[in-house]
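**Student:** Predicted model and sequence follow; I will ask about them next.
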Amino acid sequence: MEHKVFISYSRHDYVDSYGEVIPGNYISAIMDVLEKNRIPYWIDKEGVFSGDEFKGILTEAIEQASVFIFISSSSSNQSQWTAKEINVAVYEKKKIIPVLIDDSKYNSSVKLDLVGLDFINLKVNLELGLKELVKSIKNSLGTSDIDIKKIKDEIKALEREGAKLYSQEKRLYDEIAAKKRLIGEGTKTCPVCGEESEINNLSCPRCGWAYIPFTSKKLDEKRLDACRRIWNRGITSQQETVREISKALPRPIMDLIDNMVEVEGGSFIMGGTSEQGEEAFSDEKPPHKVTVSSFYIGRYPVTQEQWKAVMGSNPSYFQGERHPVEQVNWMDCQEFVKKLSKMTGLHFRLPTEAEWEFAARGGNKSKGYKYSGGDLLFQLAWYNENSGSTSHEVGQKLPNELGLYDMSGNIWEWVQDWKGDFTDEEQTNPTGPVEGDERICRGGGWNREHDRCRVSYRGDDEPDLRYRSLGLRVAMER
């Protein structure tokens, strides 16, 4: 029978010195639950024998499998065989699921391949752990109770429909503006500062008041009155305006607003520029000139206390109010910025990939560093060599030229764009492809190597995935 799962383990965890199966052992429990769920697997029950022929058998068995389970124990982490099996699984790009049955540390020769992977802990709760194992395997094989492929296809269809609706709405809005111009109504007056602006503008160029098309004409009078009072007192600073309007906002949200950093618009070379050297990947090329308009971006990644203040819950694996939020997918982030915008009256969003890289490089103050803020990564970032396999409180390392922290390392950050290829054409405010399969994430994280923390490195993931090393940083319209 063709197998889908390869089990890598130490025979000492399965049988005693006389070759008798150990009662209540974890290996038998795993085999039983796989058989119960009709998941075909391969395991070497007879023990490893030397010789090239057996090496070939092992290699072929790993190649055939889609999922590789490593039973992590004191014995297996001392075994050269399990280390070799893991190396083959990594080379063959198999889905690796570490299963912990004691508190031993990973073998140093494969630690880099395993640290950061989601693991199953059977020692804490055997029954729950086995359920999680089966669920993880089924998800990887595409055989879960939920039809993941069908749901992804439905999401893509809805997103395409949404893009069409947005295009239709924008077309209608432009048509209305064009007809108003024909009857002499080419401008509109801001209800806050009285500034005249083009009829199709979505925000006041003077005070930033947001016009929301195709909504009820009844304005948020409380927000409008507050803006008028502040404007009439001559307070034109946006930070001061927000501070006055937002007195009733939770402290974490006030902190987020107060730490939005203005990034003056400018031009830069995006992608694998010379300082990135040979570490630049093909998808970072060719380097090309990009111009971005001014915008605001968070000084820090969104923290867990900020996420909870908006969403009401904290999904993070590594708990800590000042730690960056993680285990949020791209759609979760869209819901967050939508609720945050409604809560504050400001227009928050994810940064575009171009905005993110421009800010990470230091904007117009850039000194051409490889990483965000310098060339000595240990001073700037938490990554796999210094993180201790966990995220850290934001702002503990050195900032970049704009005063932005953790843009290299700590956690990956979702951006707005779909993944697409670069060209050598000059671009202004690019937003990536209209559709795609994967969204861009930037910055590297606590679980990855130094080259992933470079300012031009492009990570990508399916928008419905959540990881304990993946979060966000918000941008805001001027």
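**Tutor:** Nice, I can see it.
**Student:** Counting neighbours, what do you get for V67?
**Tutor:** 23 (other Cβ atoms under 10 Å). Glycine gets a C-beta too; all of them are placed from N, C-alpha and C.
**Student:** so R181 sits right up against I199, yeah?
**Tutor:** Yes: taking contacts as Cβ atoms under 8 Å, R181 lies within contact range of I199: 6.6 Å.
**Student:** Contact partners for A210?
**Tutor:** 202-203, 345, 347, 477 (Cβ atoms under 8 Å, 6 or more residues apart in numbering).
**Student:** between R181 and I199, which one's more packed in?
**Tutor:** I199 (17 against 14).
**Student:** so who does that one touch?
**Tutor:** Contact partners of I199, counting by Cβ under 8 Å, 6+ apart, are 177, 180-181, 185-188.
**Student:** Can you find the helix or strand of the protein with the lowest average pLDDT?
**Tutor:** Every helix and strand of the chain was ranked by mean pLDDT, DSSP states H and E. The lowest is helix 238-245, at a mean of 54.
**Student:** residue ranges with poor pLDDT in the stretch 351-478 of the chain?
**Tutor:** The model of the stretch 351-478 of the chain has no residue with pLDDT under 70.
**Student:** pLDDT (mean, whole number) over the one helix or strand L34 maps to?
**Tutor:** Taking DSSP states H and E as the criterion, L34 maps to helix 26-36. In this model, helix 26-36 has a mean pLDDT of 93.
**Student:** Check which residues of it are buried.
**Tutor:** Buried positions in helix 26-36, judged by neighbour count with 16 or more other Cβ atoms under 10 Å: 26-27, 29-31, 33-34.
**Student:** could these be laid out in CSV, adding distance to G409?
**Tutor:** Formatted as CSV, the buried residues of helix 26-36 follow (distance: Cβ to Cβ, whole Å):
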residue, distance to G409
Y26, 35
I27, 38
A29, 38
I30, 35
M31, 40
V33, 38
L34, 38
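**Student:** Closest to V15 out of those residues?
**Tutor:** The shortest gap between V15 and any of the buried residues of helix 26-36 belongs to I27, at 9.0 Å (Cβ to Cβ).
**Student:** which ones among the contacts of I199 are found in strands?
**Tutor:** 187-188 (DSSP state E).
**Student:** of all the contacts of I199, which two lie farthest apart?
**Tutor:** R181 and K188, at 11.4 Å, using Cβ to Cβ across the contacts of I199.
**Student:** follow-up on the earlier one: now the buried members of the contacts of A210.
**Tutor:** 203, 345, 347, 477.
**Student:** Output those residues in CSV, with distance to K84 appended to each entry.
**Tutor:** Output for these, formatted as CSV (distance: Cβ to Cβ, whole Å):
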residue, distance to K84
S203, 60
G345, 59
H347, 54
E477, 54
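**Student:** Quick check on the contacts of I199: which are buried?
**Tutor:** The buried subset of the contacts of I199 (16+ other Cβ under 10 Å) comprises 177, 188.
**Student:** Could you dump the contacts of I199 into JSON lines with pLDDT and distance to E305 added?
**Tutor:** Putting the contacts of I199 into JSON lines (pLDDT from 0 to 100; distance: Cβ to Cβ, whole Å) gives the following:
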{"residue": "A177", "pLDDT": "83", "distance to E305": "42"}
{"residue": "K180", "pLDDT": "85", "distance to E305": "45"}
{"residue": "R181", "pLDDT": "82", "distance to E305": "48"}
{"residue": "E185", "pLDDT": "83", "distance to E305": "46"}
{"residue": "G186", "pLDDT": "81", "distance to E305": "46"}
{"residue": "T187", "pLDDT": "82", "distance to E305": "43"}
{"residue": "K188", "pLDDT": "82", "distance to E305": "39"}
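**Student:** Tell me which stretches of the stretch 151-300 of the chain form helices.
**Tutor:** With DSSP state H, counting those that start in this stretch applied, the stretch 151-300 of the chain shows helices at 221-232, 238-245, 251-258, listed in chain order.
**Student:** Thanks again, I'm all set now.
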